[in-house]
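Peer 1: Below are the sequence and a predicted model for it; my questions follow.
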Amino acid sequence: MDSLKQAVRTYAAGHANRDGLAITSVPGLRMLCVESPSGDLHSIYRPLVCLILQGAKRMIVGQDEYVFSAGQSVIVSAEMPVVGRIVQASPTEPYLAIAVELETTILREVAAQLGSVRAPLPSGMRTLFATDTEEATLVCATRLIRLLDRPEATPLLRPGILRELHYWLLSGRHGPNLRALADPGSHCSRLGAAIAILRAEYRSRIPVERLAEAAAMSPTTFHKHFKHLTSLTPGQYHKRLRLIEARSLMLNKGFSASNAAFEVGYESVSQFTREYRRLFQTPPKRDALRVRDSGQSVRIHPSDNAMG
């Protein structure tokens, strides 16, 4: 574990942005080194596993609040909105984490070879959970990090390492929840088709009937299962995507509030301002000035936010 911590600190020192996030050359691999507690960060997470090596982080999903700490692996099995905050970090003992995006194709292949295991019913399906990090998982993470020194080996070795990592996750205590993501006929996978439409076309108006059709559900059933999976209604999820992207445009690219509002699909700046303030607890202009003065940046891409 100590050698892995040092590897993260060393890589982050040379490659991390001002938020401590290092996006590596190995696809799907992220590292984070944060030396002080952070403010709330609103994100849309994609399926991933995050290995917390040091420090602690709070996550809020819907009405549920969790605190995850060193020695735990956080698994996200569906795309969903999360509010995250680093709660334990210091210059001498920074928050250290490694995140690896999960790949549906590999999950399905490995799950098929493992054989059938009854997936949880929708009412019992969890989309964010933690487990004690196993040695086998740490070994896989270490091998992925070693590829950073041998980029020519990445195309050859990365698929096998990811396959092994997915195997350990699927065969672990939370395997049934991940199998729901792997099963094309599961509610999780079917809702994923609707979420893909929302992510790709969030600037546009999207009828709920179209989303329900993509998920092969009636509008009523779709609405029920969508909220259970993501903690939001389809309309609230759509709005959250727009607001997070608008905030990123303002704080990272210098957009004005009105330009950001129109860029993400709002037709009314006043409506945008009201909804922005409701989510972020401050008006957009004041938020932009505060963050710029503090020297922070904001990340929207869920894989970038995997540990943030």
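Peer 2: Structure's in. What do you need?
Peer 1: Which strand residues bridge the residue most central in space within the chain?
Peer 2: The C-alpha lying nearest the average C-alpha coordinate of the chain belongs to residue 45 (CA atoms, centre = their mean; 2.2 Å). The residues listed as beta-bridge partners of residue 45 by DSSP bridges are residue 80.
Peer 1: quick one: it and residue 76 touch, right?
Peer 2: Yes: in this structure residue 45 lies within contact range of residue 76 using CB atoms under 8 Å: 4.8 Å. Glycine gets a C-beta too; all of them are placed from N, C-alpha and C.
Peer 1: Please enumerate the shared neighbours of these two.
Peer 2: Shared contacts of residue 45 and residue 76, defined by CB atoms under 8 Å, 6 or more residues apart in numbering, comprise 82, 128.
Peer 1: how far away is residue 279 from residue 7?
Peer 2: Computed with CB to CB, to the nearest Å, the distance linking residue 279 and residue 7 is 36 Å.
Peer 1: quick one: the residue nearest to the centre of the chain and residue 80, what's the gap?
Peer 2: From residue 45 to residue 80 the distance is 6 Å (CB to CB).
Peer 1: same deal with residue 106?
Peer 2: From residue 106 over to residue 80 the distance is 21 Å, taken as CB to CB.
Peer 1: of the two, who's got more company?
Peer 2: A count of neighbours by other CB atoms under 10 Å puts residue 80 above the other of residue 106 and residue 80, at 23 against 18.
Peer 1: Now do the contacts for the more buried one.
Peer 2: Applying CB under 8 Å, 6+ apart to residue 80 gives the contacts 44-45, 61, 127-128, 229-231.
Peer 1: How many residues are close by residue 224?
Peer 2: What residue 224 shows, counting by other CB under 10 Å, is a neighbour count of 15.
Peer 1: Find residues that contact each of residue 45 and residue 80.
Peer 2: In the contact map built from CB under 8 Å, 6+ apart, the residues linked to both residue 45 and residue 80 are residue 128.
Peer 1: Surely residue 108 touches residue 182?
Peer 2: Yes: counting by CB under 8 Å, residue 108 does reach residue 182; the two are 4.6 Å apart.
Peer 1: Pick out whichever of those two has more residues nearby.
Peer 2: A direct count of neighbours by other CB under 10 Å for residue 108 and residue 182 places residue 182 higher, at 25 against 17.
Peer 1: and that one, what does it touch?
Peer 2: By CB under 8 Å, 6+ apart, the residues touching residue 182 are 104, 107-108, 110-111, 170, 189.
Peer 1: For it, give its distance to residue 214.
Peer 2: Taking CB to CB as the measure, residue 182 falls 19 Å from residue 214.
Peer 1: and the contacts of residue 182 as CSV, adding distance to residue 21, pLDDT and secondary structure?
Peer 2: As requested, the contacts of residue 182 are exported to CSV (distance: CB to CB, whole Å; pLDDT from 0 to 100; DSSP: H, G, I helix; E, B strand; the rest coil):
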residue, distance to residue 21, pLDDT, secondary structure
104, 24, 88, helix
107, 25, 90, helix
108, 29, 89, helix
110, 28, 93, helix
111, 30, 88, helix
170, 28, 91, helix
189, 29, 84, helix
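Peer 1: Which one of the residues you listed is nearest to residue 285?
Peer 2: Within those, distances to residue 285 taken as CB to CB reach their minimum at residue 104, with 40.0 Å.
Peer 1: Looks like the closest one contacts residue 181 (just checking).
Peer 2: Yes: using CB under 8 Å as the test, residue 104 is close enough to residue 181 to be in contact (6.5 Å).
Peer 1: Now for the two: what residues contact both?
Peer 2: Here residue 104 and residue 181 have 47, 189, 192 as joint contacts, going by CB under 8 Å, 6+ apart.
Peer 1: Can you lay out those as TSV showing distance to residue 286 and neighbour count?
Peer 2: Compiled in TSV, the shared contacts of residue 104 and residue 181 are given as follows (distance: CB to CB, whole Å; neighbours: other CB atoms under 10 Å):
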residue	distance to residue 286	neighbour count
47	35	22
189	41	17
192	36	19
